[in-house]
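K.L.:
Mind looking at a prediction? Sequence and model below.
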Amino acid sequence: MLTFNQNGIYCAQADVYIDPWKPVDNAIITHAHSDHARWGMKKYLAHIHAAPVMRYRLGQDINVQTVDYNQPITINGVQISLHPAGHIWGSAQVRLEYKGEIWVVSGDYKLGEDGISVPFEPIRCHHFITESTFGLPVYNFPDPATVHHDINDWWRKNREEGKNSVILGYALGKAQRIHKHLDPSIGNIYTHGAVDNVNKLYEAAIEPLPYARRIDSSINPKDIKGDIIIAPPSAENTPWLRKLQPYKLGICSGWMQLRGTRRRRGADRGFVLSDHADWGQLNTAIKQTGAEHIYVTHGYKSVYAKWLQDAYGLNATEVETLYTGEQLDEPETTGGEDAGI
Amino acid sequence: MRAFSELFTRIDQTTSTNEKIDALADYFEHADPKDAIWCVALLTGKTPKRTIKSGELRDWCAEVSGTPVWLLEESYHVVGDLAETISLLLKGSDGETSHALHEVINSLVALENKTDEQRKAYITGMWRQLGRQELFVFNKLITGGFRMGVSDKITIKALAKRYSIDENIVAHRLTGNWQANETVLDSLMSATDDAADISRPYPFYLAYALETAPEELGDVKDWQIERKMDGIRGQIIVRDHQLFVWSRGEDLLTEKFIEFEPLAKLLPSGTVIDGEIIPAKDENFLPFHVMQTRIGRKNVTKKSLMEAPLVMVCYDLLEHDGVDIRHLSLMQRRELLVQLIETVKEKEANIPLWLSPVLICQNWEEVAEQRLKSREYNCEGLMLKRKDSEYKTGRRRGDWWKWKVDPLSIDGVLIYGQRGHGRRADLYTDFTFAVWDGDELVPFAKAYSGLTDKELLEVDRWIKKHTTDKFGPVRSVTPELVFEIGFEGINASSRHKSGVALRFPRILRWRKDKPAKEANTKADLMDILRVYGGLYDVS
């Protein structure tokens, strides 16, 4: 029912694309990160919590129809519904059913609770399209609760040494996740403007976050002492950041699992915190779908597809897309202002 | 080993040099002394003998973790470090262990004489017990190359802090022939037994590359100008009528250089000379690779003694009549060196010690002209040393500068990319370059260095998008990108497809202005070979 063409993942029966990378008429968007929600579609369909971010980033005048999870709509006989993907708030898997055949496009996803998004829901299907950002067995992410605990300990220790703590993460998703788990009894929380803008959307749509101040012209950087600052990766090596010295730099990313990437980034601390599935989660999710046909997109495609064939005897193929997954270094082409990590 | 892994974690979690020094100094103070000395040994490159092969580790890890070998290989290419790959695949236990670092190292060394079953049982047994961080340290002990982001300089500073002694003294006490199992750190760092190791060399004084126009160094008359030889920097030591020859890499090479044997009798006891060991014949220096063929061999044959007889070109005198004279000025040391060599030559004219010639230049223009002649002498460039400089420890700015000749260069097309290691893991940063031979591209050099981090990322992304074929960790790419490759020397080689072997190839710049068709040709390489090539085939 679905095919992959030069524009994206296409359903001919419903004449709709999922996360297309070229302008098309009808687009269903799994989530609002810039490699999945792109500019120029005539009509968008997205989850109610993804739409505000898309309007903020792609323009208030875009044409978006919103639906909640598990709220099927039918287009030319194809029943289409969104289901939680657990990647970021408002992220969805797209389920399409036509004449008994079921496909699921999972976009980006992870298993488990992150405190800010509805957890991933396994859906039985025949055809499953999966990412493979961390599709190698060396990626075994630690329990996120431990990581949040480490972040707070790190902040406390830096504060004792009279230093600020600057923590870098994607403005959309990662930043709210970090923010929500900070312990405000340690000190003040500050945000970069790009983070604050998204936080406001989160708070309007979902719930308040711990009190934080946006660093703008009203704030004297000298008054920030022993506090934590949440910023997007693009803030690294900017004059904006230098004003917050002395500080320690922490980076939150699944790539921080590898010592080489940690050292290359030159951060003081790398926290292994990802919004993508690790090796174990990928395998669990795929087994739970019961799908026979697996299409492996962005990540370690060929290796992961071979593993699915060898280990589980699945009909797994790799598919070229323009999705980038979790980026450690500044990507070449993205529209969002949170380019980086 | 827990304290040592905690030290490792502490160092790994900071980019601040001072914090690394503090962590090390703490460890040296509180650790079991037998562990502390091993820590110093590991950090200064005195790694224990390796007793387990990579292949064995891979097979056992595949078995224990239930990972297919091909998947383990793929993971290794991404991680770029086998020890780390294995620790990530095994995950580690939550339990606590109480193995001391020195015991673990001794157990590993003792595996050499054990049966395959015993070896496997020990390694996999440890794997099951250790926590993740300990696992990584344990695997690093097996595979060697334990760097942990700490340079010799940091280790020296930490020891200086711990023992409240001068860094130069620490550096000196760390040199030489001590063995971790037979040494106590406290005594190694205490002044009383300095005489214990008569083979001990002095830390080498190293120069930085000249950073300014030479005119800014002031009056040329204040500087001693010498040629920068292209050989092995070393120290010849005679103490108690015994001879020791050290390389700068702190390898004791006395046995390899049998030409120097007579010096034990000819040089007075209590002599340390700093110089360059280099092949020379009939008053001429031979290219470096002539000696390379000889260093690798276990036994020095008569033929190689005839073909590549070695001499030391003497730069400096560090110990005279048993007294450390490094604090004297270069002028004074040079005078003593000249006297010494002349006295010895009177006894035996044909000794393998040559004085490094001092070039007489009236002004910096003449110095520049001499520099341009470097290749004619098989030299790398010039050394500029302030005449009143003392002999310092390690690499220092100010008094000594090296002024190398510009590298030779050629424009090559990028044809293969391979993933790097360490901090370049998961990035395609090891490149193979080719020149045109008609319509065909012939690989002629591999290069890893020379691009900025930003350029590396750009090339990495380009490679990922322009891959035409993959084999293992290597990708072949569409031949589009052109880079200027610099190198120090060139020799004919029947082992290489291009017919040449380059010395120290590296990327000078990315020629974004040039299409692939305009890269250089094999004929251009041959022209360079004719003009600058060595006389010998290195095959």
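P.N.:
Sure, I can see it.
K.L.:
Please make it C-alpha for all contacts and neighbour counts, starting now.
P.N.:
OK.
K.L.:
Touching, residue B:75 and residue A:138? I think so.
P.N.:
Yes. Counting by C-alpha atoms under 8 Å, residue B:75 does reach residue A:138; the two are 6.6 Å apart.
K.L.:
What parts of chain A come near chain B?
P.N.:
Residues of chain A lying close to chain B (C-alpha under 8 Å from any C-alpha of the partner chain) are A:136-140, A:258-264, A:266-270, A:303, A:307, A:329.
K.L.:
are any of those buried, and which?
P.N.:
Neighbour counting with 16 or more other C-alpha atoms under 10 Å in any protein chain shown marks A:136-140, A:258-263, A:267-270, A:303, A:307 as buried within the residues of chain A next to chain B.
K.L.:
By mean pLDDT, point me to the weakest helix or strand of chain A.
P.N.:
Every helix and strand of chain A was ranked by mean pLDDT, DSSP states H and E. The lowest is helix A:259-265, at a mean of 82.
K.L.:
Need phi/psi at residue 242.
P.N.:
All of this refers to chain A. Per-residue torsions, residue A:242: phi -60, psi -30 (degrees, to the nearest 10).
K.L.:
nope, chain B
P.N.:
Main-chain dihedrals, residue B:242, degrees, to the nearest 10: phi -110, psi 150.
K.L.:
May I have the residues that are in contact with the residue found closest to residue B:137 once you drop the neighbours it is linked to in the chain?
P.N.:
Once flanking residues are discounted, residue B:137 sits nearest to residue B:5: 6.3 Å by C-alpha to C-alpha, 6 or more residues apart in numbering or on different chains. Each residue near residue B:5 by C-alpha atoms under 8 Å, 6 or more residues apart in numbering or on different chains is listed here: B:133, B:134, B:137.
K.L.:
anything in contact with each of residue B:75 and residue A:138?
P.N.:
residue B:85.
K.L.:
Please name the residues that touch residue B:129.
P.N.:
Counted by C-alpha under 8 Å, 6+ apart, residue B:129 has contacts B:92, B:93, B:95, B:96, B:97.
K.L.:
hmm, 7 Å instead?
P.N.:
The neighbours of residue B:129, taking C-alpha atoms under 7 Å, 6 or more residues apart in numbering or on different chains as the test, are B:93, B:95, B:97.
K.L.:
next one: residue A:67
P.N.:
Shown in contact with residue A:67 (C-alpha under 7 Å, 6+ apart): A:46, A:47, A:48.
K.L.:
for those, which one is nearest residue A:63?
P.N.:
residue A:46 (10.6 Å; C-alpha to C-alpha).
K.L.:
C-alpha coordinates for the helix or strand harbouring the closest one, PDB please?
P.N.:
If you go by DSSP states H and E, residue A:46 is part of strand A:43-47. Backbone C-alpha positions of strand A:43-47 (Å, rounded to 0.1, in the frame of the first residue of the first chain) are rendered in PDB as follows:
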ATOM      1  CA  LYS A  43      -2.300  20.500   3.600                       C
ATOM      2  CA  TYR A  44      -0.900  19.000   6.700                       C
ATOM      3  CA  LEU A  45      -2.400  16.400   9.100                       C
ATOM      4  CA  ALA A  46      -0.800  16.100  12.500                       C
ATOM      5  CA  HIS A  47      -1.400  15.400  16.200                       C
END
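K.L.:
Give me the below-cutoff pLDDT ranges for chain B.
P.N.:
B:191-196, B:293, B:296-298, B:422-425, B:534-539 (pLDDT under 70).
K.L.:
mind listing the helices for chain A?
P.N.:
Assigned by DSSP state H, chain A shows helices spanning A:51-58, A:144-160, A:174-180, A:193-205, A:239-242, A:259-265, A:279-289, A:301-312.
K.L.:
Name the residues of the last one that are buried.
P.N.:
In terms of neighbour count (16+ other C-alpha under 10 Å), helix A:301-312 has its buried residues at A:301, A:302, A:303, A:304, A:305, A:306, A:307, A:308.
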